[in-house]
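*Asks:* Pasting the sequence and the predicted coordinates here, then a few questions.
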Amino acid sequence: MTDNSPAILLRQVTLSHGARVLLDRADLSLASGTFTVLAGANGHGKTTLMRALLGLHPVHEGEIRTLGRKPSAARRWIGYMPQERRIPAPQLTGKALISASWRGTSLGLPGWGQGAKTALKAALTLTGAEALAAQPLNQLSGGERQRLFLAEALLDNPALLILDEPLSGMDMDWQRRILAMLRARCRETGMAVLMSCHGLEEVSRFADHLLQISQRKLELSDVAL
């Protein structure tokens, strides 16, 4: 999509979980083509913020825009990788799982043509998961499954990629490869990335911004984490 709007825009946003306020009148603007790492202590609202950006968690006050639209209207241009992923059938192969995500098609339904095959190959290549796709998910390590799930999030060339702890289970070498790939995609395609993770020291070589949730506020800093 071609739009000069910020990839993510928050205006005086308040988010809560039950009676607990997680964000209080927060403002934020993140441009397309930027790689932002989201940090904060467990339970301070990182996942809730990501879900709100997808239209999956209500905003108590204020306004959120993703790619210039209401979150629910922008979903088709957003790739999302949740922190926890339920596998519907452990014996399912990675290829079958990702194929079911192609532009809203369901496994076994028409639409899995040459275009989808090309997109699948490209996504698997980006995450180095080509050799993993034919194997049952229950035979793969946690880090290998993470690479497949990331390929799924990249399948439709999203304008915004929201990743909740995508590097968990990966060894250091694969973490660096994935971080380098994400940074390159931001530069080459204009895709924006918002990613939560641990180990900020390693990520600092690749990200543009650090977004910290602290004391119910968002604090954005540039370059060095």
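*Replies:* Arrived safely, thanks for sending.
*Asks:* all strands for this protein, in order.
*Replies:* With DSSP state E as the definition, the chain shows strands at residue ranges 8-17, 20-30, 35-39, 61-66, 78-81, 160-164, 192-196, 209-214, 217-222.
*Asks:* where do the helices sit along the protein?
*Replies:* If DSSP state H is used as the criterion, the helices of the chain fall at 46-53, 71-74, 94-99, 114-126, 142-154, 172-189, 200-203.
*Asks:* For residue 162, which of the ones you listed is the nearest?
*Replies:* With Cβ to Cβ as the measure, helix 46-53 is the member of the helices of the chain nearest residue 162 (5.2 Å). From N, CA and C alone the C-beta is placed, and that goes for glycine too.
*Asks:* Distance to residue 86 for the helices of the chain - can I get that in CSV?
*Replies:* Compiled in CSV, the helices of the chain are given as follows (distance: least, Cβ to Cβ, whole Å):
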stretch, distance to residue 86
helix 46-53, 15
helix 71-74, 22
helix 94-99, 11
helix 114-126, 21
helix 142-154, 11
helix 172-189, 22
helix 200-203, 27
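*Asks:* Return the distance of the least confident helix or strand in the chain by mean pLDDT from the chain's centre.
*Replies:* Between all helices and strands in the chain, the lowest mean by mean pLDDT, DSSP states H and E belongs to helix 200-203, at a mean of 79. Here the centre of helix 200-203 is set off from its chain's centre by 17 Å, with Cα atoms, centre = their mean, to the nearest Å.
*Asks:* ok, residues contacting that helix?
*Replies:* When contacts are taken as Cβ atoms under 8 Å, 6 or more residues apart in numbering, the neighbours of helix 200-203 outside the stretch itself are 37, 39, 172, 175, 176, 179, 197, 210, 225.
*Asks:* and if we set it to 7 Å?
*Replies:* Outside of helix 200-203, the residues that reach it under the criterion Cβ atoms under 7 Å, 6 or more residues apart in numbering are 37, 39, 175, 179, 197, 225.
*Asks:* And the residues you listed, which is closest to residue 95?
*Replies:* Nearest to residue 95, judged by Cβ to Cβ, of those is residue 175 at 23.8 Å.
*Asks:* where's the closest one relative to residue 128, distance?
*Replies:* Applying Cβ to Cβ, to the nearest Å, one obtains 12 Å for the distance of residue 175 from residue 128.
*Asks:* Give the buried residues for stretch 86-104.
*Replies:* Within stretch 86-104, the residues that qualify as buried by neighbour count (16 or more other Cβ atoms under 10 Å) are 93, 94, 95, 96, 97, 98, 99, 100, 101, 102.
*Asks:* try stretch 165-185
*Replies:* Buried residues in stretch 165-185, counting neighbours by 16+ other Cβ under 10 Å, are found at 165-167, 169-170, 174-176, 178-179, 181-183, 185.
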